[in-house]
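Asks: I would like the atomic coordinates for the input below:
(3 chains, ligands or ions: 4)
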Amino acid sequence: MDLVETGKPGELLPNVASGARSLSWWGMALLIATEATLFALLIASYWYLRFRAGPVWPPHGIEKPALGLPLIMSVILWSSSIPAHIADRGIQNGSQVRLRAGLAVSWLLGLTFLLLQIVAEYPHSLKVAPPSQGSYGTLFFSLTGLHGIHVFIGLMISLWVQARAWQGAFDEHRHVTVQNFVMYWHFVDTVWVFVLATIYLSPHFI
Amino acid sequence: MTTLADRPGERLEQLWAEEPGLGTWLSTVDHKRLAKKYLYTALVFLVLGGIEASVMRLQLAHSNLKLLDPETYNQLFTMHGVTMIFLFAVPIFSGFGVYMVPLMIGSREMAFPRLNAFTYWGFVAAGVFMYSSFLIGRSPDGGWFGYTPLTDKAFSPGPNIDFYALGLIFLGLASTGAAINFITTILKMRAPGMTLNRMPIFVWGELAMQVSILFAQPALTLATVMLMLQRHWHYHFFDPGAGGDNLLWQHLFWIFGHPLVYIILLPGLGIVATILPTFARRPMVGYTWVVLAEMATAFIGFGVWVHHMFSTGLPSFALSFVSLTSFLVAIPSGIQVFAYLATLVTGKPKLTTPMWYVLGFIFIFVIGGVSGVMTASVPLDQAVTDSYFVVAHFHYIMGGVALFPTLAALYYWGPKIWGRKLDERWGKISFWLTFIGFNLAFFPMHILGAIGMPRRTYTYASHLGWDNWNLLETIGTFLMGVGILITIVNVVRSARHGEAAGNDPWDADTLEWATSSPPPDYDFETIPEVRSLHPVWDQPELKTGTQPPEMGGRPLAEGHRVLATSLLDAKPEAVVDMPHESMWPFVLTVGLMGFFYGALTRIAVVAVLGGFLSLVSVVGWVWPRGQTQEM
Amino acid sequence: MNGERARRSRRLLLSLPLIALAACATKSPSILSPKGPAARTASSIWWPMVWVATAVTIFVVAMGAYGVVRGRRIREEDISREVSWGDRFILIAGLGVTGAILIGFFVFSVARSVSLARAEPGTQITVIGHDWWWEVRYANGAVTANEIHIPAGERVNITLQSADVIHSLWVPELAPKIDLIPGRTTHVWFKADHPGEYRGQCAEYCGLQHAHMAFFVIADTPDAFAQWMSDMARPATAPATALAQQGQAVFLSNTCIGCHAIRGTAANGQLGPDLTHIATRQTIGAGTVPLTANDLATWITDPELFKPGVTMPPTTLTKDQLNALVTYLLGLGFPSP
Ligand code: HEA
Ligand code: HEA
Ligand code: CUA
Ligand SMILES: [Cu+2]
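Replies: Ligands and ions are numbered 1, 2, ... in the order given. Below is the predicted model:
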């Protein structure tokens, strides 16, 4: 780790930082805070319209969302947080292997989730209740779509982080970028808990 | 004795200077240069919004005038509201913040300089985007809060509302970026020793403002995206026929909209709390209470939005609850006003121009505040809502808070920004014209509202007894216009020919005065170490413009670097390399602008090209070039 | 001599409507001159709050002025940094006194407004907002526009809906505002102390002609109101003269019937105001111009002249047709009993 002089006699400070000591970590944390608010408001809108719609939800003539595929997708998405975590921990201990492998595995899992959503889940749901059907379809696609966009952005960031990882840009001191990405990825996975509960589970139970 | 050779200034100059010229005019990341751009741009929008208002006032000067047709009038008041709020008030306070926050906390930059550039360009581009609607005569006309279904496709088929919705989404990106930047800067880059309880009140005000933006902006972004989806892609959020609800728009808008008004208030009060003690010649009485009050306002402000919906027929229990929170939100404002008063009566107030503006502001703020308190009463609000009484309320408070502290700050910080003092005599003339004009223009609106004049009407009948008050308002508007014009001319002239200011012309207490005026590219020759809430008063060495290393100053002259310190007690933690000027923020803005025009015209090629350019510039932005803070 | 007097009296007669207009006129529809209990709630809160607001403002100005004046007298060296009473003052004034006043306001205004929320029986009226006019329906089938007749001294319960965008019903002298929101039904009640006419206006921005969306609440004596309501429920008077019959034919053969209903004829349009008893109304176009033969003719040929952007299209008619149509419409008063 490089230590540099500040000019105050005898004072040496690191010029790399990670975690809450790093500025960019705060940038990411704040970004997540505002994004979380966005999701919270959309989910609140869902419940608002859902309760105005009366006791039958989804509205008459629309079948409840099938649970099988979404649950499989969920398991895949959530499990992608594990290799991400391993990558993060790995580089903190200086392990390039764990970093690269962890990121790659989590990327593949995330991609699988997204592909399943696009090629398997959406075509079915579009048939059941497209956005033009009414508030139910509208909320279904706007909430899952917003989440999907976040997964997509996460995958893009991951690609860039992986490219940097292969260039050897990270080591046990210099890894806040990895940390930030992993924080973002955990956020995307956490939000899915609420999306799943709202969109897929709640029509069956409430 | 320190000799010249010991001084790190020259080295720092090499590290921090940006070459002058068109190139760096577009690519600058220097917070001072960006802040000046912010200020000038916001002032241009003030003038535009003011001209819109003046034209409206001409149309309303008498009953049945035919200067404007209803369509133009509706576009004018909508653009006036949007301009004043989104393109003047919020950005001007961000602008003062971008200039002063790094100086006041003894740093050399904002945390993310390139993001800083992007948020500025984004603001300009969103403004240009919205104003380009005038070119085709299709400006937004749904009012600044754009209630559905009036703004839905069925009732507004033209592109008017698309300009509004897309413009606000674009602007939302910029303000969110600015919020992240400010909060990080304030929390992590304060000079060593500037513990949280030594942070200047203006910085607290900016912090409260930006935290509010961070949590309020998503509501507006969400609502406007929903509106676009509903208008063009057959989504149904707001139309009752398909399971939507119009009140969902109102809830989302005001969940943003009420915090927004405090977003404007908090930095304004911060400016007041900066100027007042300087000229009262004593520290602010009750610093802690003032700071707590600012934070409390921001917090309670998230719980009062329904007071904009008192006449929508919601259950009275809900209304009563919000009525209560709306009353209570006045308490922190009261605390601050009484702190100002205590400071005034225990100090020796010096009546300079900035001080006059501050005193004028206190008067106006109290009147606007008490009329707000009146509307917090549900049955009274149901009588006056959507009448000119509300217009009076929010011009007193929002017009007041956006204009008076801004003008005060121009006179107060002008010497720091341009190195020259503004003319005092013209300053005072401008104050009296603006102050008298303001009250003439807006006080009668209380009466008009009470005697039945609804807002947003392009004309009115002659037999209703509204003519004279309206005429008075129009006259007041023009007085105020002249007053503001004088200030603008004063700024332009004095910035070149004014009396040289010196480091600290007002003998003030905060760190921005501990360096030359205007500050050098690197802000401070040495990063000061702070040992007091009033560093420049209490640490005489700061008066000289540099704190020598043996007194704690850190030259940090080995690179283009700033200091990162700990959150609560500002202990030095790390040295952070700062990026140099970059073209990418500007290019990204151009790309986004293309994208938004594509979305507006619904020409896919344009949108795709814009999106592609944005993507390229993001890649260019993050492309590793040596060692920057991202690592 | 005689002719002179006759001319003078004719002139007087002609100017009567103008004088009447001027009289009901210059009078603003003010929330501070309530003419019924629902509106008195607001004005009874208004004055106490205005007084407190004034007192607060005076206190602030006085204390600030005192500070400035005192500052002239003291020397800078005498300013002490610590003020023993500072924090105490801020808390007592800002938290204690302000808080007490505010809680007081809250309790006061909630107490004053309980009666507003109470449900009670009364005459039931439905008002439907349209761009930019008001449809008024009574339980007995009476339908009219832009004029709400009510029995004075009695409570009326109004149910509100909207046919297009959000509007807001505001009669400053009689009642609090209430929005008309598509997809929702809202309610308000009021009661006029005395017979009289009370101006109302749309208070929620609803597009181009939001400014010209006025209406009148006309409080009659209960007897007169009962008579009015049953008259209003009846079908239209048959055209009495040949000219009027011709006018009816013009009406029925033109686009008018696509939008307007005249009960008792084939005209059954629902997009515009019911014209069954149009001649009983005072104004055309939701308070835009007084109902006179001239203005009615102008309105029919080019309504945009009075109300730019109005949803009623212009109609081209020959002079004779127009004349007949106007005669017909102005004959649509109440049938003589
Ligand atoms: C900077 C902007 C700003 C600020 C700070 C405020 C501050 C307040 N506002 Fe205002 N408001 C607006 C901007 C602002 N408002 C705008 C733009 C609208 C209209 C939007 C639209 O419809 O277009 C609006 C509308 C609005 C409404 C809805 C009106 C309606 O549409 O029907 C209400 C209702 O409760 C309200 C209340 C308040 C209250 C209680 C405060 C309080 O925070 C005020 C507190 C301050 C004081 C009270 C003064 C100082 C205190 C003392 C000196 C202590 C002693 C005082 C007492 C004992 C009373 N405001
Ligand atoms: C920060 C906010 C802010 C500010 C500062 C102002 C400033 C002014 N506003 Fe406005 N206003 C709003 C925010 C603001 N406003 C909002 C949110 C609305 C609601 C919109 C809606 O309903 O959707 C509104 C609505 C509004 C209306 C109601 C329209 C209606 O309901 O029909 C009116 C009418 O008089 C008005 C007037 C004015 C005037 C005269 C000024 C003056 O203070 C302006 C003074 C400034 C200048 C005059 C320009 C600078 C000087 C020059 C360029 C010199 C040359 C000019 C002259 C000599 C004239 N504003
Ligand atoms: Cu209807 Cu305004
Ligand atoms: Cu509010």
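Asks: How far off centre is the helix or strand harbouring B:Val401?
Replies: Here B:Val401, judged by DSSP states H and E, is contained in helix B:400-418. Averaging C-alpha positions (CA atoms, centre = their mean, to the nearest Å) puts helix B:400-418 12 Å from its chain's average.
Asks: That one vs ligand 1: in contact?
Replies: Yes - Helix B:400-418 comes into contact with ligand 1 (CB under 6 Å from any ligand atom), by way of B:Val401. The way it works is simple: take the backbone N, C-alpha and C, and place the C-beta from them, glycine included.
Asks: Which strands and helices lie in contact with the next helix-or-strand element following that helix?
Replies: Going down the chain from helix B:400-418, the next helix or strand is helix B:424-450, by DSSP H and E. Contacts defined by 3 or more CB pairs under 8 Å, 6 or more residues apart in numbering or on different chains; DSSP states H and E place helix B:424-450 against helix B:353-375, helix B:388-394, helix B:400-418, helix B:467-497.
Asks: other SSEs contacting the second one?
Replies: Okay, so that is helix B:388-394. Packing contacts for helix B:388-394, counted by 3+ CB pairs under 8 Å, 6+ apart, involve helix B:353-375, helix B:424-450.
Asks: and those as a markdown table, adding mean pLDDT and mean neighbour count?
Replies: Converted to a markdown table, the helices and strands packed on helix B:388-394 look like this (pLDDT from 0 to 100; neighbours: other CB atoms under 10 Å in any protein chain shown):
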| stretch | mean pLDDT | mean neighbour count |
| --- | --- | --- |
| helix B:353-375 | 97 | 24 |
| helix B:424-450 | 97 | 21 |
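Asks: could those helices be laid out in TSV, adding distance to B:Gly23?
Replies: Below are these laid out as TSV (distance: least, CB to CB, whole Å):
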stretch	distance to B:Gly23
helix B:353-375	36
helix B:424-450	36
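Asks: To C:Ala236, which of those lies closest?
Replies: Nearest of the helices and strands packed on helix B:388-394 to C:Ala236, taken as CB to CB: helix B:424-450 at 40.8 Å.
Asks: How far away from the center of its chain is the closest one?
Replies: Relative to the chain's own centre, helix B:424-450 is displaced by 21 Å; criterion: CA atoms, centre = their mean.
Asks: quick one: low-confidence parts of chain C?
Replies: C:1-26, C:336-337 (pLDDT under 70).
Asks: Report the central residue of it.
Replies: What sits nearest the mean C-alpha location of chain C, by CA atoms, centre = their mean, is C:Gly200, with 1.1 Å.
Asks: re the thing from before, out of the helices and strands packed on helix B:424-450, deepest packed?
Replies: The highest mean neighbour count among these, using mean count of other CB atoms under 10 Å in any protein chain shown, belongs to helix B:400-418: a mean of 26.
Asks: Please name every helix or strand in contact with that one.
Replies: helix B:31-60, helix B:90-104, helix B:246-280, helix B:353-375, helix B:424-450, helix B:467-497.
Asks: hang on, the residue nearest to the centre of chain C in a helix?
Replies: No - C:Gly200: not assigned to a helix; according to DSSP: H, G, I helix; E, B strand; the rest coil it is strand.
Asks: Check what pLDDT the closest residue to B:Trp506 other than its chain neighbours gets.
Replies: Distances taken as CB to CB, 6 or more residues apart in numbering or on different chains put B:Thr278 closest to B:Trp506, at 5.2 Å, once the chain neighbours are dropped. Looking at B:Thr278, its pLDDT stands at 96.
Asks: what's B:Thr278 in contact with, if anything?
Replies: By CB atoms under 8 Å, 6 or more residues apart in numbering or on different chains, the contact list for B:Thr278 reads B:412, B:506-509.
Asks: among those, who's most crowded?
Replies: Ranked by the number of neighbours (other CB atoms under 10 Å in any protein chain shown), those place B:Tyr412 first, at 26 neighbours.
Asks: Contacts only, for it.
Replies: So B:Tyr412 contacts B:271, B:274-275, B:278, B:354, B:506 (CB under 8 Å, 6+ apart).
Asks: Which one of the residues you listed is nearest to C:Leu243?
Replies: Within the contacts of B:Tyr412, the smallest distance to C:Leu243 is 73.3 Å, found for B:Ile271 (CB to CB).
Asks: Am I right that that closest one is in contact with B:Ala409?
Replies: Yes - using CB atoms under 8 Å, B:Ile271 makes contact with B:Ala409 at a distance of 4.9 Å.
Asks: Common neighbours of those two, please.
Replies: Joint contacts of B:Ile271 and B:Ala409 (CB under 8 Å, 6+ apart) are B:Phe96.
Asks: Excluding chain neighbours, give the residue nearest to the closest residue to chain C within chain A in space.
Replies: Residue nearest to chain C within chain A: A:Arg52 (9.2 Å; CB to the nearest CB). In this structure, A:Arg52 finds its nearest non-sequential neighbour in B:Asp245, 5.4 Å apart by CB to CB, 6+ apart.
Asks: Identify all contacting residues around stretch C:120-130.
Replies: Residues contacting stretch C:120-130 (CB under 8 Å, 6+ apart): C:134-139, C:148, C:150-151, C:154-164, C:166-167, C:169, C:180, C:189, C:191, C:202, C:206.
Asks: Residues of chain C that sit close to ligand 3?
Replies: Checking chain C against ligand 3 by CB under 6 Å from any ligand atom, the hits are C:129, C:132, C:167, C:202, C:204-206, C:210, C:213.
Asks: Make TSV from the residues you listed and add distance to A:Leu196 to it.
Replies: Formatted as TSV, the residues of chain C next to ligand 3 follow (distance: CB to CB, whole Å):
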residue	distance to A:Leu196
C:Gly129	42
C:Trp132	47
C:His167	41
C:Cys202	45
C:Glu204	40
C:Tyr205	41
C:Cys206	41
C:His210	45
C:Met213	48
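Asks: Now the two most distant members of these.
Replies: C:Gly129 and C:Tyr205, at 12.5 Å, using CB to CB across those.
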